[in-house]
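Enquirer: Just a sequence and a predicted model for now, questions to come.
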Amino acid sequence: MRILCTNDDGIYARGLEALEKIAREISDDVWVVAPQEEQSGAARALTLAHPIRLRQYEERRFAVSGTPSDAVLMAVDKIMDGKPDLILSGVNNGQNLAEDVTVSGTIAAAFQGMSMRIPSIAMSLSRLDRAKAKWETAETLGAGIVKTLLDTGWPADAVINVNFPDREPDKVAGVEVTRQGHRDAVQLFAEERRDLRGGAYYWYGYTGELSDPPEGTDLRAIYDGRISITPLHLALTHDAAIAPLCAAFDKSPNT
(Lines give C-alpha, C1' and ligand atoms only; values in the text may rest on other atoms or scores of the structure.)
Protein backbone atom coordinates (compact mmCIF):
# COMPACT_ATOMS: atom_id res chain seq x y z
CA MET A 1 0.00 0.00 0.00
CA ARG A 2 1.31 3.44 -0.97
CA ILE A 3 0.56 6.10 1.66
CA LEU A 4 0.87 9.87 1.33
CA CYS A 5 1.35 11.77 4.59
CA THR A 6 0.60 15.48 4.77
CA ASN A 7 -0.57 18.09 7.29
CA ASP A 8 -1.26 21.77 7.90
CA ASP A 9 1.28 22.34 10.69
CA GLY A 10 4.22 22.25 8.28
CA ILE A 11 7.07 19.97 7.31
CA TYR A 12 8.85 20.31 10.69
CA ALA A 13 5.79 19.59 12.84
CA ARG A 14 5.98 17.02 15.62
CA GLY A 15 2.59 15.71 14.54
CA LEU A 16 3.94 14.83 11.10
CA GLU A 17 6.55 12.67 12.81
CA ALA A 18 3.74 10.90 14.67
CA LEU A 19 1.82 10.45 11.42
CA GLU A 20 4.82 8.88 9.72
CA LYS A 21 5.17 6.39 12.58
CA ILE A 22 1.52 5.43 12.14
CA ALA A 23 1.93 5.09 8.36
CA ARG A 24 5.06 2.94 8.65
CA GLU A 25 3.20 0.44 10.84
CA ILE A 26 0.91 -0.10 7.86
CA SER A 27 3.27 0.14 4.87
CA ASP A 28 6.90 0.62 3.89
CA ASP A 29 5.89 2.73 0.88
CA VAL A 30 5.38 6.06 2.64
CA TRP A 31 5.68 9.50 1.05
CA VAL A 32 5.65 12.85 2.84
CA VAL A 33 4.54 16.05 1.06
CA ALA A 34 3.64 18.88 3.43
CA PRO A 35 3.50 22.67 3.48
CA GLN A 36 6.84 24.36 4.04
CA GLU A 37 5.32 26.51 6.79
CA GLU A 38 2.35 26.22 9.12
CA GLN A 39 -0.99 26.61 7.35
CA SER A 40 -3.44 26.19 10.23
CA GLY A 41 -6.86 27.58 9.37
CA ALA A 42 -6.16 27.54 5.63
CA ALA A 43 -9.25 25.39 4.97
CA ARG A 44 -9.47 24.35 1.29
CA ALA A 45 -7.46 27.31 -0.04
CA LEU A 46 -5.41 26.85 -3.20
CA THR A 47 -2.47 29.02 -4.26
CA LEU A 48 -3.71 30.60 -7.49
CA ALA A 49 -1.95 33.98 -7.68
CA HIS A 50 1.63 32.93 -6.83
CA PRO A 51 4.00 30.24 -8.07
CA ILE A 52 4.38 27.06 -6.02
CA ARG A 53 7.87 25.87 -5.19
CA LEU A 54 9.07 22.45 -4.07
CA ARG A 55 11.90 21.55 -1.75
CA GLN A 56 13.15 17.98 -1.51
CA TYR A 57 14.61 16.75 1.77
CA GLU A 58 14.87 13.02 1.14
CA GLU A 59 13.91 10.54 -1.57
CA ARG A 60 10.23 10.55 -0.57
CA ARG A 61 10.05 13.71 1.53
CA PHE A 62 9.08 17.10 0.08
CA ALA A 63 7.86 20.52 1.20
CA VAL A 64 5.52 22.74 -0.81
CA SER A 65 5.34 26.53 -0.59
CA GLY A 66 1.57 26.49 -0.30
CA THR A 67 -1.47 25.15 1.47
CA PRO A 68 -2.40 21.61 2.51
CA SER A 69 -4.57 21.29 -0.60
CA ASP A 70 -1.61 22.44 -2.70
CA ALA A 71 0.54 19.77 -1.07
CA VAL A 72 -1.89 16.98 -1.99
CA LEU A 73 -2.34 18.25 -5.55
CA MET A 74 1.40 18.58 -6.10
CA ALA A 75 2.11 15.19 -4.53
CA VAL A 76 -0.32 13.35 -6.76
CA ASP A 77 0.19 15.34 -9.95
CA LYS A 78 3.93 16.09 -9.91
CA ILE A 79 5.90 14.35 -7.17
CA MET A 80 4.83 10.77 -6.63
CA ASP A 81 5.47 8.10 -9.22
CA GLY A 82 1.92 6.82 -9.05
CA LYS A 83 -1.27 7.62 -7.21
CA PRO A 84 -1.31 6.83 -3.48
CA ASP A 85 -3.72 4.25 -2.13
CA LEU A 86 -4.34 6.26 1.03
CA ILE A 87 -3.83 9.80 2.28
CA LEU A 88 -3.22 10.47 5.97
CA SER A 89 -3.36 14.09 7.12
CA GLY A 90 -2.12 15.25 10.54
CA VAL A 91 -1.53 14.54 13.26
CA ASN A 92 -2.78 18.03 14.04
CA ASN A 93 -1.59 19.69 17.24
CA GLY A 94 -5.10 20.42 18.49
CA GLN A 95 -8.55 18.99 17.96
CA ASN A 96 -10.62 19.44 14.81
CA LEU A 97 -14.21 19.11 15.95
CA ALA A 98 -17.60 20.70 15.31
CA GLU A 99 -17.20 24.03 13.44
CA ASP A 100 -13.42 23.48 13.24
CA VAL A 101 -13.91 21.15 10.29
CA THR A 102 -14.82 24.03 7.94
CA VAL A 103 -11.56 25.92 8.53
CA SER A 104 -9.14 23.07 9.24
CA GLY A 105 -6.28 22.63 6.81
CA THR A 106 -5.81 19.11 8.16
CA ILE A 107 -9.30 18.11 7.07
CA ALA A 108 -9.02 20.12 3.84
CA ALA A 109 -6.07 17.98 2.75
CA ALA A 110 -8.22 14.89 3.25
CA PHE A 111 -11.05 16.46 1.25
CA GLN A 112 -8.61 17.25 -1.54
CA GLY A 113 -7.59 13.62 -1.60
CA MET A 114 -11.23 12.51 -1.61
CA SER A 115 -11.94 14.79 -4.59
CA MET A 116 -9.15 12.96 -6.44
CA ARG A 117 -10.77 9.61 -5.59
CA ILE A 118 -8.21 8.66 -2.96
CA PRO A 119 -9.38 7.32 0.43
CA SER A 120 -8.36 9.95 2.99
CA ILE A 121 -8.21 10.18 6.78
CA ALA A 122 -7.61 13.29 8.90
CA MET A 123 -6.11 12.81 12.36
CA SER A 124 -5.95 15.36 15.20
CA LEU A 125 -4.87 15.34 18.83
CA SER A 126 -6.83 17.23 21.46
CA ARG A 127 -4.73 19.02 24.06
CA LEU A 128 -5.01 21.77 26.66
CA ASP A 129 -1.37 22.85 26.35
CA ARG A 130 0.16 23.04 22.85
CA ALA A 131 3.60 22.27 24.28
CA LYS A 132 2.34 19.20 26.17
CA ALA A 133 0.41 17.33 23.48
CA LYS A 134 0.28 13.59 24.23
CA TRP A 135 1.75 12.36 20.94
CA GLU A 136 2.21 8.86 22.31
CA THR A 137 -1.58 8.45 22.31
CA ALA A 138 -1.82 8.96 18.55
CA GLU A 139 1.35 6.96 17.90
CA THR A 140 0.19 4.01 20.01
CA LEU A 141 -3.42 3.81 18.86
CA GLY A 142 -3.37 5.41 15.42
CA ALA A 143 -2.30 2.47 13.26
CA GLY A 144 -4.94 0.19 14.76
CA ILE A 145 -7.62 2.79 14.03
CA VAL A 146 -6.45 3.17 10.42
CA LYS A 147 -6.27 -0.61 9.85
CA THR A 148 -9.83 -1.07 11.14
CA LEU A 149 -11.05 1.75 8.91
CA LEU A 150 -9.34 0.22 5.87
CA ASP A 151 -10.78 -3.22 6.62
CA THR A 152 -14.27 -1.73 6.98
CA GLY A 153 -14.15 0.85 4.20
CA TRP A 154 -16.23 4.02 3.82
CA PRO A 155 -18.07 5.81 0.99
CA ALA A 156 -15.97 7.37 -1.76
CA ASP A 157 -17.56 10.78 -1.18
CA ALA A 158 -16.58 10.89 2.51
CA VAL A 159 -13.45 11.46 4.54
CA ILE A 160 -12.82 10.11 8.02
CA ASN A 161 -12.09 12.62 10.77
CA VAL A 162 -10.27 11.03 13.74
CA ASN A 163 -9.67 12.94 16.97
CA PHE A 164 -7.66 11.59 19.91
CA PRO A 165 -8.47 12.79 23.44
CA ASP A 166 -6.02 14.59 25.72
CA ARG A 167 -5.19 11.41 27.64
CA GLU A 168 -2.36 8.93 27.92
CA PRO A 169 -2.89 5.83 25.74
CA ASP A 170 -3.90 3.59 28.65
CA LYS A 171 -6.39 6.18 29.91
CA VAL A 172 -8.37 6.47 26.66
CA ALA A 173 -11.98 5.46 27.38
CA GLY A 174 -12.66 3.76 24.06
CA VAL A 175 -13.57 4.56 20.46
CA GLU A 176 -16.85 6.13 19.35
CA VAL A 177 -18.24 6.74 15.87
CA THR A 178 -19.78 10.19 16.10
CA ARG A 179 -21.54 12.94 14.18
CA GLN A 180 -20.21 16.48 13.84
CA GLY A 181 -21.17 18.55 16.87
CA HIS A 182 -21.94 22.22 17.36
CA ARG A 183 -20.56 24.48 20.07
CA ASP A 184 -23.07 26.56 22.02
CA ALA A 185 -20.37 29.01 23.06
CA VAL A 186 -18.39 31.35 20.79
CA GLN A 187 -14.69 30.68 21.31
CA LEU A 188 -12.76 32.72 18.75
CA PHE A 189 -11.80 36.32 19.56
CA ALA A 190 -9.36 38.97 18.31
CA GLU A 191 -6.91 40.42 20.83
CA GLU A 192 -5.45 43.86 20.15
CA ARG A 193 -1.75 44.35 20.87
CA ARG A 194 0.80 47.10 20.22
CA ASP A 195 4.11 46.91 18.41
CA LEU A 196 7.20 48.87 19.48
CA ARG A 197 6.16 51.81 17.29
CA GLY A 198 2.77 52.04 18.94
CA GLY A 199 0.86 50.53 16.03
CA ALA A 200 -2.02 48.19 16.66
CA TYR A 201 -2.06 44.60 15.47
CA TYR A 202 -4.41 41.72 16.21
CA TRP A 203 -4.00 38.09 17.15
CA TYR A 204 -6.77 35.48 17.09
CA GLY A 205 -7.22 33.36 20.16
CA TYR A 206 -9.70 31.00 21.79
CA THR A 207 -11.48 31.23 25.11
CA GLY A 208 -11.38 28.24 27.41
CA GLU A 209 -15.16 28.00 27.64
CA LEU A 210 -16.53 24.53 26.95
CA SER A 211 -19.86 23.81 25.32
CA ASP A 212 -22.38 21.25 26.58
CA PRO A 213 -22.71 18.91 23.59
CA PRO A 214 -25.16 16.00 23.41
CA GLU A 215 -24.20 12.35 23.40
CA GLY A 216 -23.14 10.99 20.05
CA THR A 217 -21.22 14.09 18.95
CA ASP A 218 -17.52 14.44 18.34
CA LEU A 219 -17.27 17.06 21.09
CA ARG A 220 -18.88 14.84 23.74
CA ALA A 221 -16.67 11.89 22.86
CA ILE A 222 -13.49 13.95 23.28
CA TYR A 223 -14.75 15.57 26.49
CA ASP A 224 -15.37 12.08 27.87
CA GLY A 225 -11.92 10.80 26.89
CA ARG A 226 -12.88 8.69 23.88
CA ILE A 227 -11.42 8.64 20.37
CA SER A 228 -13.91 10.26 17.99
CA ILE A 229 -14.34 8.93 14.45
CA THR A 230 -16.61 11.04 12.25
CA PRO A 231 -17.37 10.45 8.56
CA LEU A 232 -17.61 13.84 6.82
CA HIS A 233 -18.69 14.91 3.35
CA LEU A 234 -19.01 18.12 1.36
CA ALA A 235 -22.80 18.13 0.88
CA LEU A 236 -23.58 21.42 2.63
CA THR A 237 -27.18 21.91 1.48
CA HIS A 238 -29.58 22.59 4.37
CA ASP A 239 -32.43 20.34 3.24
CA ALA A 240 -34.98 21.56 5.79
CA ALA A 241 -34.72 25.11 4.42
CA ILE A 242 -35.56 24.19 0.83
CA ALA A 243 -39.35 23.80 1.09
CA PRO A 244 -40.10 27.13 2.83
CA LEU A 245 -37.74 28.99 0.50
CA CYS A 246 -39.40 27.41 -2.55
CA ALA A 247 -42.81 28.41 -1.21
CA ALA A 248 -41.68 31.97 -0.59
CA PHE A 249 -40.20 32.46 -4.06
CA ASP A 250 -43.16 30.82 -5.80
CA LYS A 251 -45.32 33.61 -4.32
CA SER A 252 -42.80 36.40 -4.73
CA PRO A 253 -43.63 39.15 -7.30
CA ASN A 254 -39.89 39.54 -7.93
CA THR A 255 -39.42 36.06 -9.39
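Expert: Looks like it arrived, so ask away. Residues are numbered from 1 along each chain as shown.
Enquirer: What's the per-residue pLDDT of residue 41 here?
Expert: Looking at residue 41, its pLDDT is 87.
Enquirer: residues in contact with it?
Expert: Residue 41 makes contacts with 8, 103-105, as judged by Cβ atoms under 8 Å, 6 or more residues apart in numbering. For every residue, glycine as well, the C-beta is placed using N, CA and C.
Enquirer: And for residue 3?
Expert: Going by Cβ under 8 Å, 6+ apart, the list of residues near residue 3 reads 23, 26-27, 29-31, 84-88.
Enquirer: Considering the contacts of residue 41, which possesses the most neighbours?
Expert: With neighbours defined as other Cβ atoms under 10 Å, the most crowded of the contacts of residue 41 is residue 8; it has 32 neighbours.
Enquirer: show me where the chain has helices.
Expert: If DSSP state H is used as the criterion, the helices of the chain fall at 14-24, 68-74, 105-115, 135-152, 218-223, 242-251.
Enquirer: As a markdown table, the ones you listed with distance to residue 46 would be great.
Expert: A markdown table is the format used below for the helices of the chain (distance: least, Cβ to Cβ, whole Å):
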| stretch | distance to residue 46 |
| --- | --- |
| helix 14-24 | 21 |
| helix 68-74 | 5 |
| helix 105-115 | 9 |
| helix 135-152 | 27 |
| helix 218-223 | 27 |
| helix 242-251 | 30 |
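Enquirer: Where do the strands of this protein begin and end?
Expert: Ranges of strands within the chain are 2-6, 29-35, 54-58, 61-64, 86-93, 120-125, 159-164, 175-177, 188-194, 200-206, 227-232, based on DSSP state E.
Enquirer: could you give the mean pLDDT of the fourth one?
Expert: The reference is to strand 61-64. Mean per-residue pLDDT for strand 61-64: 98.
Enquirer: can you pull the pLDDT of residue 131?
Expert: For residue 131, the model assigns a pLDDT of 86.
Enquirer: give me the low-pLDDT residue ranges for the protein?
Expert: 185-186, 208, 251-255 (pLDDT under 70).
Enquirer: Of all the residues in stretch 213-231, which ones are buried?
Expert: For stretch 213-231, burial by neighbour count (16 or more other Cβ atoms under 10 Å) applies to 213, 217-223, 226-231.
Enquirer: Residue 242: which of those residues is nearest?
Expert: Nearest to residue 242 out of those is residue 231 (Cβ to Cβ; 23.1 Å).
Enquirer: Next up, the contacts around that closest one.
Expert: Counting by Cβ under 8 Å, 6+ apart, residue 231 has contacts 154-155, 158-161, 177.
Enquirer: One more: residue 177?
Expert: Residues in contact with residue 177, defined by Cβ under 8 Å, 6+ apart, are 229-231.
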